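> sequence? don't have it. structure:
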């Protein structure tokens with residue numbers, strides 16, 4: 001075993017609980033199994049809820065752990081390093097639904113958010129449409145007010161948990177440009193769900209399309225003021241991008257450390273692979289980049305925790321984390337040779353899973369556009385960026 005460089009990532013306050021959950025639930029093995037036979041991990045979802053490992057940042061009054069942002073990020077990083085993106089993102093799912101906790105009524109929180117925290121009910125997010133993705137202002141799905149209800153019409157695409165979610169946060173246009181968010185039970189009349197083509201990675205999310213045809217939603221299911229979803233979404237995206245960055249870096253670190261061990265004992269041309277500069281130098285760079293990316297994420301988390309504006313930094317952090325992690329995992333595949341390129345080792349699955357990070361929650365190209373809005377405020381992009 002090779003000596004480990006000291007990591008800048010703090011030890012999670014839940015370290016012992018996370019280690020126990022990974023071992024007792026056999027999460028690395030289960031991640032491989034549900035990648036090969038895609039299915040939503042219902043049993044693990046419930047088990048993580050029972051262990052209070054869902055909603056790490058969520059307020060205690062809603063059933064969460066109420067961890068600080070840095071501690072939550074360290075916990076997700078550790079979970080991702082131990083078992084990949086699958087269960088770390090499952091743990092993060094309540095964060096993707098934080099609008100429900102922060103802006104929903106007590107009734108909505110009791111009916112949808114508390115069961116989500118407990119792993120008893122799955123809530124998805126429906127933003128993307130066939131003709132609109134990151135440009136939320138171009139959404140075509142509409143919500144028309146009719147007395148005490150809204151009438152929802154249109155199609156959402158590329159939706160995670162398309163056929164598995166019990167409810168979804170649906171973003172819909174309520175005027176010429178205004179967008180509102182609604183909690184929509186997926187069993188209502190007029191909701192039709194279908195699976196899409198198999199994904200490259202993160203197959204357990206079972207993405208697909210959801211069509212809404214004259215679906216009646218109580219006005220009480222709207223989150224926040226009418227037309228105010230842009231501002232709400234901006235704050236949610238800031239937090240989730242930083243926490244996602246922590247997850248991707250955890251996965252990259254797992255492959256990096258396994259590769260450092262491997263090249264320390266594997267020999268080629270009569271000496272260990274580590275002694276060949278073509279192997280050792282790229283791994284030294286991976287070490288520096290993984291540490292530097294984490295320190296960037298940590299700084300942004302600290303500023304956000306103190307009430308600072310870090311929308312652009314969060315966008316850059318997600319972009320940086322995905323690229324750094326993918327490079328480290330690619331080196332793992334390369335330096336493990338033929339086995340690295342096979343499903344015998346976890347590196348190929350990790351690469352496929354982390355690859356989604358350059359697309360989901362804002363593509364990496366848009367993350368740069370968001371950052372230029374800080375450099376040249378007059379050109380600042382919309383809240384969706």
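Right, received. Where do you want to start? These figures come from a predicted structure and were not determined experimentally.
> Strands along the stretch 251-385 of the chain, start to end?
Per DSSP state E, counting those that start in this stretch, the stretch 251-385 of the chain has strands spanning 267-268, 271-272. These are given in chain order.
> In terms of secondary structure, what does the helix or strand residue 125 falls within contact?
Per DSSP states H and E: residue 125 is located in strand 123-126. The contact analysis (3 or more CB pairs under 8 Å, 6 or more residues apart in numbering; DSSP states H and E) places strand 123-126 against strand 149-159, strand 167-173. To be clear about C-beta, it is placed using only N, CA and C from the backbone, and glycine gets the same treatment.
> Lowest average pLDDT across the strands of the stretch 251-385 of the chain?
Among the strands of the stretch 251-385 of the chain, strand 267-268 carries the lowest mean pLDDT, at a mean of 67.
> so how far is residue 41 from the most far-flung residue of the chain relative to its centre?
No residue in the chain has its C-alpha farther from the mean C-alpha position than residue 270, which lies at 43.7 Å (CA atoms, centre = their mean). Applying CB to CB, to the nearest Å, the value for residue 270 to residue 41 is 46 Å.
> And the helices and strands packed on strand 123-126: which comes nearest residue 184?
strand 167-173 (4.7 Å; CB to CB).
> For that closest one, enumerate the helices and strands it packs against.
In terms of contacts (3+ CB pairs under 8 Å, 6+ apart), strand 167-173 is packed against strand 123-126, strand 142-146, strand 149-159, strand 179-185.
> What angle do strand 167-173 and the helix or strand that residue 93 is a member of make with each other?
Assigned by DSSP H and E, residue 93 falls within helix 85-96. Counting by axes from the mean of the first three to the mean of the last three CA atoms, to 10 degrees, helix 85-96 lies at 60 degrees to strand 167-173.
> Beyond helix 85-96, next helix or strand please.
helix 98-103.
> quick one: buried residues of the next helix or strand after that next one?
Downstream of helix 98-103, the first helix or strand assigned by DSSP H and E is helix 106-108. Neighbour-count burial for helix 106-108, counted by 16 or more other CB atoms under 10 Å, picks out residue 108.
> List the buried residues of the helix holding residue 93.
Buried residues in helix 85-96 (16+ other CB under 10 Å): 85, 86, 87, 88, 89, 90, 91, 92, 93, 94, 95, 96.
> With stretch 142-153 instead?
For stretch 142-153, the neighbour count (16+ other CB under 10 Å) marks 143, 149, 150, 151, 152, 153 as buried.
> now for the residues you listed, which pair is the farthest apart?
The widest separation within the buried residues of stretch 142-153 (CB to CB) is 12.9 Å, between 149 and 153.
> circling back: strands paired with the strand holding residue 125, and their directions?
Sheet pairing here is set by DSSP bridges, and for strand 123-126 it gives strand 167-173 (parallel).
> So what touches the partner strand?
97, 99-100, 112, 121-127, 136, 139-143, 150, 152, 154, 156, 159, 161, 179-186, 210, 212, 223, 229, 233 (CB atoms under 8 Å, 6 or more residues apart in numbering).
> could you give the angle of it to strand 179-185?
Using the same axes, to 10 degrees: strand 167-173 against strand 179-185 is 150 degrees.
> centre of the chain versus strand 167-173, how much separation?
Its chain's average C-alpha position is 18 Å from that of strand 167-173, according to CA atoms, centre = their mean, to the nearest Å.
> relative to strand 149-159, how tilted is that strand?
Using the same axes, to 10 degrees: strand 167-173 against strand 149-159 is 100 degrees.
> Domain map for the protein?
Listed by automatic domain parsing, the domain ranges of the chain are 15-117, 124-226, 230-379.
> Show me the one of those domains that comes nearest residue 7.
domain 230-379 (7.3 Å).
> number of nearby residues for residue 327?
Other residues near residue 327 come to 17 when the count uses other CB atoms under 10 Å.
> Next up, the contacts around it.
252, 286, 289.
> Serialize those residues to TSV and add fields for neighbour count, distance to residue 132 and pLDDT.
Listed next are the contacts of residue 327 as TSV, based on neighbours: other CB atoms under 10 Å; distance: CB to CB, whole Å; pLDDT from 0 to 100:
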residue	neighbour count	distance to residue 132	pLDDT
252	32	31	98
286	24	37	97
289	20	34	98
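> tell me which of these is nearest to residue 352?
Scanning these for proximity to residue 352, where the rule is CB to CB, the winner is residue 252, at 13.6 Å.
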